[in-house]
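S.K.: have a look at this fold, sequence not included:
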Ligand code: ZN
């Protein structure tokens, strides 16, 4: 049997401590709900890490032993240390997968990897979301139908200030009329990045089986091979015999 994929589920883990309603929805934190599902699939070795742990739970040892990192943050993006963001970015360039969830669109790590502001429009009135699969052959859409729905969600609408995704898997429609690119893939160095929209903390989004399936699919996709590290830097020896031009 193939080795299990090593996933680190990272969460800011503040809302769950401060808000009773959210704590009830996620007694083990949103990271706990996501980790529990991933473990049940049998495909993953799962650990969790949170903001208030030393080094946000992302020590060199943890990062070097992580194939895929999932990221949920919202109110405390600024508290994430720049040196940790830099380390995560370098791990992505070196081949680690990164799954950015919901309000993680404004995280330092996502903005660093996108190179853009990553803003969007939002509204919180608990409207319905219909998530269309626009790339049905994509590994991240495995096991889904043409679409799935969330009865009550926070709305995210275009424009989403991101570079054009390398692959677009999902587009969302909202009852209020907005649309959003809700499942986007990018290649960064040897690493893969997947942004997945659903996940507002006051709704049971991370108990939804379709949402959890997409996160698991994303973790599998993010570890597909991306080849060897390419040679870069000074190349004094040409492939062919070339007489140096001397003016
Ligand atoms: Zn939200």
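M.R.: Alright, I've got the coordinates. Since we're looking at a predicted model, the values are computed, not measured. Residues are numbered from 1 along each chain as shown.

S.K.: poorly predicted segments of the chain, please.
M.R.: Within the chain, the stretches with pLDDT under 70 are 1.

S.K.: could you rerun that using 80?
M.R.: 1-2, 226 (pLDDT under 80).

S.K.: so which helix or strand takes in residue 9?
M.R.: strand 5-11 (DSSP states H and E).

S.K.: partner strands of that strand, with direction?
M.R.: strand 44-50 (parallel), strand 68-72 (parallel) (DSSP bridges).

S.K.: give me the sheet partners of the longest strand along the chain and which way each runs.
M.R.: The strand that spans the most residues within the chain, counting by DSSP state E, is strand 121-133. Sheet pairing of strand 121-133 (DSSP bridges) gives strand 147-157 (antiparallel), strand 167-174 (antiparallel).

S.K.: ok, then the element right after the shortest one?
M.R.: Spelled out, it's strand 167-174. strand 179-188.

S.K.: who touches the residue lying closest to residue 154 once chain neighbours are set aside in this structure?
M.R.: Spatially, and ignoring its direct neighbours in sequence, residue 154 is nearest to residue 200 (3.8 Å; CB to CB, 6 or more residues apart in numbering). From N, CA and C alone the C-beta is placed, and that goes for glycine too. Contact analysis of residue 200 by CB atoms under 8 Å, 6 or more residues apart in numbering lists 102, 103, 124, 153, 154.

S.K.: so what's the fourth one bridging to?
M.R.: Translated: residue 153. Under the criterion used (DSSP bridges), residue 153 bridges to residue 127.

S.K.: could you report the neighbour count for it?
M.R.: 26 (other CB atoms under 10 Å).

S.K.: one more: the third one?
M.R.: Applying other CB under 10 Å, we find 11 other residues in the vicinity of residue 124.

S.K.: burial count for the residue lying closest to it once chain neighbours are set aside?
M.R.: Of all residues beyond its chain neighbours, the one nearest residue 124 is residue 154 (4.7 Å), with distances taken as CB to CB, 6+ apart. Residue 154: 23 surrounding residues under other CB under 10 Å.

S.K.: next one: residue 154 from residue 80, what distance?
M.R.: Using CB to CB, to the nearest Å, one gets 22 Å for the distance from residue 154 to residue 80.

S.K.: sec struct for the residue in the chain positioned nearest to the ion, please.
M.R.: The nearest approach of the chain to the ion comes at residue 200, 3.5 Å away (CB to the ion). Secondary structure, DSSP: H, G, I helix; E, B strand; the rest coil: residue 200 is coil.

S.K.: ok so, going back, deepest-packed of the strands paired with strand 5-11, please.
M.R.: Mean neighbours per residue, mean count of other CB atoms under 10 Å, is largest over the strands paired with strand 5-11 for strand 68-72, with a mean of 26.

S.K.: which residues sit in contact with residue 65?
M.R.: Neighbouring residues of residue 65 by CB under 8 Å, 6+ apart: residue 6.

S.K.: quick check: phi and psi on it?
M.R.: phi -110, psi 20 (degrees, to the nearest 10).

S.K.: contacts only, for the residue positioned nearest the centre of the chain.
M.R.: Geometric centre of the chain, nearest residue: residue 99, 1.7 Å, by CA atoms, centre = their mean. Contacts for residue 99 (CB under 8 Å, 6+ apart) come out as 68, 69, 70, 71, 193, 194, 196, 215, 218, 219, 222.

S.K.: wait, isn't the last one in contact with residue 190?
M.R.: No. Residue 222 is beyond contact range of residue 190, at 11.4 Å (criterion: CB atoms under 8 Å).
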